[in-house]
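**Student:** what's the 3D shape of this:
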Amino acid sequence: LLGKCGFNELIGKNPAIVEKHRGFNPPLGLLCLASYLEANSPHTVEVIDAQPEGWDYDALQRQIEQRDFDVCGVTAMTFTLIDVIKTCEAVRRANPSAKIVLGGPHVHLFPDETIRRPEVDFLIQGEGEIAFVEFMDKYQRPDQWETIPGIVFQRADGAIVNKGIAASTDDLDLLGFPARDKLDVSMYTSLLGRSNVVTTMFTSRGCPFRCTFCDRPNSPVISGFRWRSAQHIAEEMAQCLELGITEAFIYDDTFTVRKDRVHELCDEIIARGIDFKWDVRAHVNTVDTDLLKHMAEAGCDRIHFGVESGNDRMMQKIRKNTNVERVKAAFQSAKDAGLERLAYFIIGQQTETADDINDTIALAKALRPDYVHFTIFCPYPGTEIYYNGLKEGVIKQDVWRQFAENPQPGFELPVWEENFTRQELREMLVKCYKSFYLRPHYMLRKALDIRSTGELMRKFKAGMSVIGMTPNQTVYSDEIVDHVNKIVPKAQYDVYPG
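**Tutor:** Okay, here's the model as predicted:
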């Protein structure tokens, strides 16, 4: 199982500082596949993660040539597609007879376009653990391929066989723990990390909310909100400690959907005396002070809230299902519980004006979070807003499908230029970051919170990057910009607030 190189990711919606200093996360999906496959079949698995190793494609190919394997699995996301393809090409050159299998969100969004790639042999659509075991048991028997759930492949005559989305299980405990011991855990760090080594973790799958900018509500993969038992999660934390990992970012879409299961988990961690730091992502509607204090007692030290916008009108427009007062109450409860708070905001959404963005900046300051993350709105593939934009003719061409068919370096993410030009949005993004992070009292407060030399160095470098931010840090192809400007909404008037 192979984690791709990282030279061509589509990052135009974030400022360079976010990409430069964010660190690396372990390839959790691949580690879950490795663990489940070895536990439920006779196959042996090696996991390679090229990006934190710093390998280019030539170095990756040399590494692959030193190994003997029959199947190579790679996770494909639309934003990493170019690197995925180049990684697969390196595998093909190094081991022409190996079968190359892609999984991940991109393959169920664009199965036909993906399976037509000459360097790809099979796709597995859906949650891959169970389906991949069946694939590995049958891949050498072509007469059995069509019995594999979730598989996509091409027959010799070019016809595409697509067996739909593979089912998973409601009992997530059955899937086991990620095989973190297959990689050097010291490669994984984070700008926000307290310690020098961090990991990621999932305790649930699925999200009940219906935000228009998210692909989860329309995904054929996620089936309801499912969660692991408290005992299973606590045991994984204990296993991390044995590997020298003392901190995890829990990447559930919405950790606090069910308060009862969170209380049960906190009780289990406390009862077992597990000294482990963790942070979570949550919706402001799903927390209260008692819950957050219990989480803090059990080792949670940071909570991430997707606020997205600074006023009730915009929150209603994107179907966030909350309001500013609830947001303020949730941040106050988190502060009262002693948790660090991180707020996410999106600028440039549909119908958004300069006044709306100024409200966003004002709310970001008023909430007094420890960190904020601003990003420019991008209509993602698979989201309601992207589908509606195509249907209503606001987006003139299916740019994501075109990219899936012919992924080329230089592709620029579409933005929603209804009231702003692309350059204005970049300038506003810089304004958002500098107006929040370069306040003297904020910088002093965060300096006093630093707990280690490693944390000091990471945050010093990030702070210097904020000072030097400009709207033009990323160089784009003029040809690509002109093409995108023709097929996404153009600004009808200048509403940039000076």
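**Student:** these two touch, right, residue 100 and residue 119?
**Tutor:** Yes - at 6.3 Å, residue 100 and residue 119 qualify as touching, with contact defined as Cβ atoms under 8 Å. Any C-beta I mention is one placed from the backbone N, CA and C, and that applies to glycine too.
**Student:** these two: which is more packed in?
**Tutor:** residue 100 (20 against 17; other Cβ atoms under 10 Å).
**Student:** where does pLDDT dip in the stretch 351-498 of the chain?
**Tutor:** Filtered on pLDDT under 70, the stretch 351-498 of the chain yields the residue ranges 446-498.
**Student:** ok, now which ones touch the residue nearest the centre of the chain?
**Tutor:** Centroid check for the chain by Cα atoms, centre = their mean gives residue 251 as the closest residue, at 8.3 Å. When contacts are counted by Cβ atoms under 8 Å, 6 or more residues apart in numbering, residue 251 touches 28, 200, 201, 202, 281.
**Student:** and the pLDDT for it?
**Tutor:** For residue 251, the pLDDT comes out at 94.
**Student:** residues shared between the contacts of residue 100 and residue 119?
**Tutor:** Contacts common to residue 100 and residue 119, judged by Cβ under 8 Å, 6+ apart, are 88, 91, 92.
**Student:** re earlier: what about the residue nearest to the centre of the chain, distance to residue 227?
**Tutor:** 14 Å (Cβ to Cβ, to the nearest Å).
**Student:** please apply the same query to residue 182.
**Tutor:** 25 Å.
**Student:** which of those two has more residues huddled nearby?
**Tutor:** Each of residue 182 and residue 227 has its neighbours counted (other Cβ under 10 Å); residue 227 has more, 23 against 20.
**Student:** any idea how far residue 218 is from the closest residue to the more buried one other than its chain neighbours?
**Tutor:** The spatially closest residue to residue 227, leaving aside those adjacent along the chain, is residue 204, at 3.9 Å (Cβ to Cβ, 6 or more residues apart in numbering). From residue 204 across to residue 218, the span is 19 Å (Cβ to Cβ).
**Student:** same check on residue 412?
**Tutor:** 24 Å.
**Student:** residues of the helix or strand harbouring residue 235 that come out buried?
**Tutor:** Per DSSP states H and E: residue 235 is located in helix 230-242. Across helix 230-242, burial judged by 16 or more other Cβ atoms under 10 Å covers 230, 232, 233, 234, 235, 236, 237, 240.
**Student:** can you check stretch 272-289 too?
**Tutor:** 274, 276-287.
**Student:** convert that stretch to PDB, retaining C-alpha atoms only.
**Tutor:** Taking Å, rounded to 0.1, in the frame of the first residue of the first chain, the C-alpha atoms of stretch 272-289 are listed here in PDB:
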ATOM      1  CA  ARG A 272      -8.100   3.400  32.700                       C
ATOM      2  CA  GLY A 273      -5.800   6.300  33.600                       C
ATOM      3  CA  ILE A 274      -4.800   6.900  30.000                       C
ATOM      4  CA  ASP A 275      -2.600  10.000  29.800                       C
ATOM      5  CA  PHE A 276      -3.200  10.900  26.100                       C
ATOM      6  CA  LYS A 277      -3.900  14.300  24.500                       C
ATOM      7  CA  TRP A 278      -6.600  14.500  21.700                       C
ATOM      8  CA  ASP A 279      -8.500  17.100  19.800                       C
ATOM      9  CA  VAL A 280     -11.800  16.900  17.900                       C
ATOM     10  CA  ARG A 281     -14.000  18.600  15.300                       C
ATOM     11  CA  ALA A 282     -17.500  19.500  16.300                       C
ATOM     12  CA  HIS A 283     -20.600  21.400  15.400                       C
ATOM     13  CA  VAL A 284     -21.600  24.100  17.800                       C
ATOM     14  CA  ASN A 285     -25.100  22.700  18.100                       C
ATOM     15  CA  THR A 286     -23.800  19.500  19.600                       C
ATOM     16  CA  VAL A 287     -21.800  20.700  22.600                       C
ATOM     17  CA  ASP A 288     -22.500  22.100  26.100                       C
ATOM     18  CA  THR A 289     -20.300  23.100  29.000                       C
END
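**Student:** now do the contacts for the closest residue to residue 235 other than its chain neighbours.
**Tutor:** Spatial nearest neighbour of residue 235, excluding adjacent residues (Cβ to Cβ, 6+ apart): residue 177 at 7.6 Å. Contacts of residue 177 were listed using Cβ under 8 Å, 6+ apart, and they are 35, 235, 236, 239.
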